[in-house]
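>>> following is a predicted model, sequence given first.
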Amino acid sequence: MKLTKQQQEAIFNDDNLSLVSCPGSGKTHTIVARMLRCIDEVKDTTRRIGCITYTNAAVNEIQYRLLRYLGRDEFEDKFDIGTIHSFCLNNIFRPNHWRLDPFHNGFDVLTPDDDRYKNIVDVIINNHKLEKRASENFELLYRKLPPPPYITTSASEDFWNRLDDNSYIDFNGIIYYSAQIVNAYPFVSAGLGAAFAWLLVDEFQDTSEYQVQILKAIASYNRTKFFIVGDPYQSIMSFAGGRPDLMYDFAKAVSARVNVNLSGNFRSSDLIVSITEKLQPRDPEMEAVGENKNYDFTPIWKHTDTLLSGIEDYFLPEVEGRGIDWGECAILAPNFYILCEIAPILREMGIPLIGPGARPYKRSNHLIAPLVEEICSYIEYNDAKTISTLRRSMQDIIGNCETRWNPKIFTFNGDLAIARIILMSRKLRDDNPSIRCFLERFVSDCATIMIEHELLAKSSRDAIVNSGASMLEDIEHHSGKSKVDVNNFSVYDMGLFARGNRSIKLLTLHKAKGREFDAVAIVRAHDGLIPYGNPQRGSEEESEARRLMYVGMTRARKVLMIFSDKSDNRRKPPSRFLWEVFPECPS
């Protein structure tokens with residue numbers, strides 16, 4: 001495994017370490033290398049290594065990389081890799097839920113695509129006379145924090161009371177109640193300290209106060225060592241309780257070494273790195289060190305007549321002229337609604353898209369959606385490279401249903417299940433290519449196969465079937481907005497959404513975090529959006545907005561374009577941050 005000097009310094013440090021990593025610095029590579037070193041400490045013991053990541057995608061990537069170096073048996077027994085939600089659910093809440101009054105007799109985890117979750121949200125919206133768009137924000141409700149837009153304090157309290165009264169718990173509730181448990185019952189964190197020799201925590205700059213409480217409780221027994229990785233310059237999740245100072249606070253609490261940095265950016269050109277340093281100067285300064293270091297495109301800001309004219313007149317011609325594939329391009333916006341405005345127009349132009357407004361459904365709301373897209377793509381295009389993605393999509397379903405990683409997905413048993421699902425899907429497609437007919441039968445048959453191969457519990461069948469029904473309802477509801485003819489929407493059309501290597505990605509700035517592309521366009525960069533509202537100069541609200549813009553800009557490898565436009569109906573000026581980076585008014 002090839003490592004830079006900075007990465008080696010982090011990996012061969014055997015005490016608690018707080019590692020600050022700049023964008024594109026190879027932090028996942030570093031985390032995996034550190035985990036491989038940790039295994040020597042636990043291989044002849046009953047202790048384990050825990051790795052807490054921010055997303056399921058990051059979980060999958062770390063598992064995949066470890067499998068390249070370790071055998072399955074060693075990987076399964078010694079590593080506990082998952083999101084903070086799965087870590088807390090499996091190690092704290094599930095074994096101790098009966099100690100809490102709302103969950104004394106059991107509990108159900110509700111995901112946003114669960115009908116029970118939707119029914120509660122619908123009742124609250126009606127009872128509290130909220131706007132319909134508030135439904136999208138209930139996932140962002142965190143106890144003891146101000147509610148997100150369109151949801152009132154009384155509505156949020158009503159939501160939590162209804163969950164508690166029915167012994168339901170959402171993902172954010174798992175963290176909240178796990179913190180209550182470790183604070184009330186010290187022996188729980190003592191047991192975790194005995195079980196885990198190391199805890200590696202990624203994206204620590206977005207860790208919430210409740211998560212820090214849990215980690216501090218484990219650390220207090222001085223049996224677990226910590227390797228925390230993050231970048232305070234990319235802390236953009238205050239609505240979820242994330243604060244950049246919590247990383248420094250935890251590092252101090254565990255006496256972690258704090259003078260190690262990954263400052264080499266393997267992603268972006270020197271011209272992109274230089275301009276992002278103007279927006280957010282780092283110490284030590286970020287340096288372009290990768291293969292794109294000398295790429296010759298100078299980032300630009302254009303103030304155009306309309307939202308789309310910057311993309312049509314500048315961005316698309318530039319990437320085509322440079323031979324950059326659509327699949328390596330992204331259009332980023334401050335919010336979901338701007339992307340929904342862009343998508344139908346680009347679709348009518350024949351531009352392949354993935355993202356808000358491109359699909360006739362909201363992918364993140366449906367448990368089964370990623371697997372459906374991948375299986376439709378495979379049976380239409382027969383691309384063997386997608387088998388690994390199919391496996392990961394199945395693993396995500398198992399993880400969301402069972403809340404524990406099932407290693408059988410990586411065995412012959414898992415491969416056989418995937419082969420059966422492919423054969424079943426081809427037959428369904430041949431019988432009727434309509435996505436309506438396909439989806440109605442696919443979800444039930446897929447659940448049956450996964451249960452027969454012991455990848456899924458029988459009790460999880462309803463979650464799979466209900467997710468398929470919910471996805472069909474969503475397709476019916478959104479077809480007009482997305483310019484998709486639902487009556488002629490086929491398996492072939494669904495498969496296009498999985499072919500990200502051929503489609504431009506539409507992402508909000510928040511959702512772009514952790515991603516990278518050859519070419520990036522940031523649209524509607526206006527005050528009132530970036531930053532949101534009108535925060536005072538130097539305020540924390542403005543600082544977080546600066547970090548959000550920084551995250552967007554640092555996604556680009558080769559080409560970076562930023563657009564403001566005259567058609568913004570709020571008549572807000574271009575973002576104040578642009579004048580710092582581009583002191584000359586754009587043409």
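The structure has been received and is ready for your questions.

>>> check the offset of stretch 42-55 from the chain's centre.
Offset of stretch 42-55 from its chain centre (C-alpha atoms, centre = their mean, to the nearest Å): 22 Å.

>>> just the endpoints, please. Distance across that stretch?
26 Å (C-alpha to C-alpha, to the nearest Å).

>>> again with stretch 268-285
End-to-end for stretch 268-285, by C-alpha to C-alpha: 14 Å.

>>> average pLDDT for that stretch?
For stretch 268-285, mean pLDDT is 96.

>>> and the helix or strand harbouring residue 337, what does it pack against?
Element membership for residue 337, per DSSP states H and E: helix 336-348. Where contact means 3 or more C-beta pairs under 8 Å, 6 or more residues apart in numbering; DSSP states H and E, helix 336-348 is packed against strand 329-333, strand 353-354, strand 504-508. Just so you know, the C-beta spots here come from the backbone N, C-alpha and C atoms, and that holds for glycine as well.

>>> and the ones you listed, which one is worst for confidence?
strand 353-354 (a mean of 82).

>>> and the contacts of that strand?
Residues from elsewhere that reach strand 353-354, judged by C-beta atoms under 8 Å, 6 or more residues apart in numbering: 343, 346, 347, 497, 500, 503, 504, 505, 506.

>>> ok so, going back, just want the angle from the helix holding residue 337 to strand 329-333.
Between the axes of helix 336-348 and strand 329-333, defined by axes from the mean of the first three to the mean of the last three C-alpha atoms, to 10 degrees, the angle is 140 degrees.

>>> just give me how far helix 336-348 sits from the chain centre.
For helix 336-348 - counting by C-alpha atoms, centre = their mean - the centre lies 21 Å from the chain centre.

>>> stretch 130-139 too?
Using C-alpha atoms, centre = their mean, the offset of stretch 130-139 from its chain centre is 20 Å.

>>> what does it rub up against?
Outside stretch 130-139, the residues that reach it (C-beta under 8 Å, 6+ apart) are 112, 118, 121-122, 124-125, 147-152, 155, 159, 170-172, 336.

>>> what about residue 517, distance to residue 144?
Separation of residue 517 from residue 144 (C-beta to C-beta, to the nearest Å) stands at 36 Å.

>>> who has more neighbours, these two?
residue 517 (25 against 9; other C-beta atoms under 10 Å).

>>> surely that one and residue 332 touch.
No. Taking contacts as C-beta atoms under 8 Å, residue 517 lies outside contact range of residue 332: 9.3 Å.

>>> who touches both of the two?
What both residue 517 and residue 332 touch, as defined by C-beta under 8 Å, 6+ apart, is the set residue 555.

>>> which strand or helix spans residue 535?
Using DSSP H and E, no helix or strand contains residue 535.

>>> narrow the contacts of stretch 130-139 to those in helices?
118, 121, 122, 124, 125, 155, 159, 171, 172, 336 (DSSP state H).

>>> need the buried ones from those residues selected in ChimeraX.
Restricted to buried positions by 16 or more other C-beta atoms under 10 Å, the ChimeraX selection for those reads:
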select :118,121,124,125,155,159,171,172,336
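
>>> may I ask which of the ones in helices among the contacts of stretch 130-139 comes out lowest in pLDDT?
residue 336 (85).

>>> ok, now how distant is it from residue 133?
10 Å.

>>> before we move on, what about residue 543?
27 Å.

>>> who's more crowded, the two?
Ranked by neighbour count (other C-beta under 10 Å), residue 543 and residue 133 place residue 543 first, with 16 against 12.

>>> circling back: put together TSV for the ones in helices among the contacts of stretch 130-139, with distance to residue 13 on each row.
As requested, the ones in helices among the contacts of stretch 130-139 are exported to TSV (distance: C-beta to C-beta, whole Å):
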residue	distance to residue 13
118	47
121	46
122	52
124	49
125	51
155	47
159	44
171	33
172	33
336	41
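
>>> quick one: which of the ones in helices among the contacts of stretch 130-139 is nearest to residue 429?
residue 118 (29.4 Å; C-beta to C-beta).

>>> among the helices and strands packed on helix 336-348, which is nearest residue 4?
strand 329-333 (26.8 Å).

>>> the closest one versus strand 504-508: what angle between them?
20 degrees.

>>> just the residues contacting stretch 506-514, thanks.
54-55, 57-58, 203, 234, 236-237, 330-336, 339, 342-343, 353-358, 515, 522, 530, 548-549, 551-552, 555.

>>> try it again at 6 Å.
Residues outside stretch 506-514 that contact it (C-beta atoms under 6 Å, 6 or more residues apart in numbering): 330, 331, 332, 336, 339, 353, 355, 356, 548, 551, 552, 555.

>>> which one of these sits closest to residue 164?
residue 336 (29.6 Å).

>>> chain neighbours aside, what residue packs nearest to the closest one?
residue 356 (5.0 Å; C-beta to C-beta, 6 or more residues apart in numbering).

>>> give me phi/psi at residue 574?
phi -60, psi 150 (degrees, to the nearest 10).

>>> beta partners of residue 520?
Residue 520 forms beta bridges with residue 330, residue 560, as assigned by DSSP bridges.

>>> ok, it touching residue 555?
Yes. Residue 520 is within contact range of residue 555, at 5.1 Å (criterion: C-beta atoms under 6 Å).

>>> joint contacts of these two?
Counting by C-beta under 6 Å, 6+ apart, nothing touches both residue 520 and residue 555.
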